[in-house]
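> kindly return the folded structure for what I paste below:
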Amino acid sequence: MPSLILHHKKQEASARLKKFYSAISQAILLSEIDNGPVKDWNKADVLKNENGEVINEENRKLGITYFNTYLKPYLKYAKIDENPEDLQNEDGQSNQIRVYLADATTFEFFNGACADFRVDINGQKAPNQSGRDKFAFLICSKDADLRWHFNNKKNFGSFCIENYEVCDTRAKALALCKANSGTCTRLLEMDNFEFKNDYPYKL
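Purely as a prediction, here's the structure:
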């Protein structure tokens, strides 16, 4: 029975990741018809104060502008929280927005080095941990930023902590996933978003 439950969890997680990836990919294709190639989309630089700290409110506004311009009109969603309470700092400001999809999947979106996604395949349910139910994706608007992607022919894909050469084989991606759960989307993308037997984290 435990093996059947685990198999079901893996299947469900895989299906949700594939659905998210497909939804964003389709939204990008539709948006490119109106807004031109994704590599030319206007992604603002991250705003920081004199101490090098991210200015949450201003960066959230930049993220909202990008999301509203390039993705929101082309994406089916249930609701959007433009200042999630659980992600706010002591001043009541988050640097992210949260988008709720119809299947209870959510994702946080923010203005990072690229346009950054953190998808949570079971919404706000536990464990809310990278590599288990949270996975990182990027849209990189500049060709120079494609170093973050596994396949540098696309501008949307998984996140690698340094550049794609660190994760350009499955063995490297698996080792990096074991060392840093925030990079596991790379391994999953290489495995067609299937959770193989050697996947290092419990779902």
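
> what residues of the biggest helix by length in the chain count as buried?
Among the elements of the chain assigned as helix by DSSP state H, the one spanning the most residues is helix 2-35. Along helix 2-35, the positions that meet the burial threshold by neighbour count (16 or more other C-beta atoms under 10 Å) are 10, 13-14, 16-17, 20-21, 23-24, 27-28, 31-32, 35. Backbone N, C-alpha and C define where each C-beta goes, glycine included.

> just checking, what packs against that helix?
For helix 2-35, the packing partners by 3 or more C-beta pairs under 8 Å, 6 or more residues apart in numbering; DSSP states H and E come out as helix 56-70, strand 115-120, strand 134-139, strand 156-158.

> switch to 10 Å and redo it
helix 56-70, strand 106-111, strand 115-120, strand 134-139, strand 156-158, helix 184-190 (3 or more C-beta pairs under 10 Å, 6 or more residues apart in numbering; DSSP states H and E).

> quick one: which of these has the weakest pLDDT on average?
Confidence, taken as mean pLDDT, is least for strand 156-158 of these (a mean of 88).

> quick one: low-confidence parts of the chain?
The model of the chain has pLDDT under 70 over residues 1-2, 143-153, 162-163.

> Asp116 contacts Ala136, doesn't it?
Yes: Asp116 is in contact with Ala136 according to C-beta atoms under 10 Å; the separation is 7.1 Å.

> neighbour count winner among the two?
Each of Asp116 and Ala136 has its neighbours counted (other C-beta atoms under 10 Å); Ala136 has more, 24 against 20.

> count of neighbours near the nearest residue to the more buried one once chain neighbours are set aside?
Among residues not flanking Ala136 along the chain, Phe159 sits closest, at 4.0 Å (C-beta to C-beta, 6 or more residues apart in numbering). Around Phe159 there are 24 other residues, counting by other C-beta under 10 Å.

> what of the one 10 residues further on?
Summarising burial for Thr169: neighbours were counted as other C-beta under 10 Å, giving 11.

> over to Asp40?
Around Asp40 there are 13 other residues, counting by other C-beta under 10 Å.

> regarding the nearest residue to it once chain neighbours are set aside, what is its secondary structure?
Among residues not flanking Asp40 along the chain, Ser141 sits closest, at 7.0 Å (C-beta to C-beta, 6+ apart). Assigned state for Ser141: coil (three-state reduction, DSSP: H, G, I helix; E, B strand; the rest coil).

> go ahead and confirm Ser141 touches Asp116.
No: with contact defined as C-beta under 10 Å, Ser141 does not reach Asp116; the gap is 12.0 Å.

> I am finished for the moment; much appreciated.
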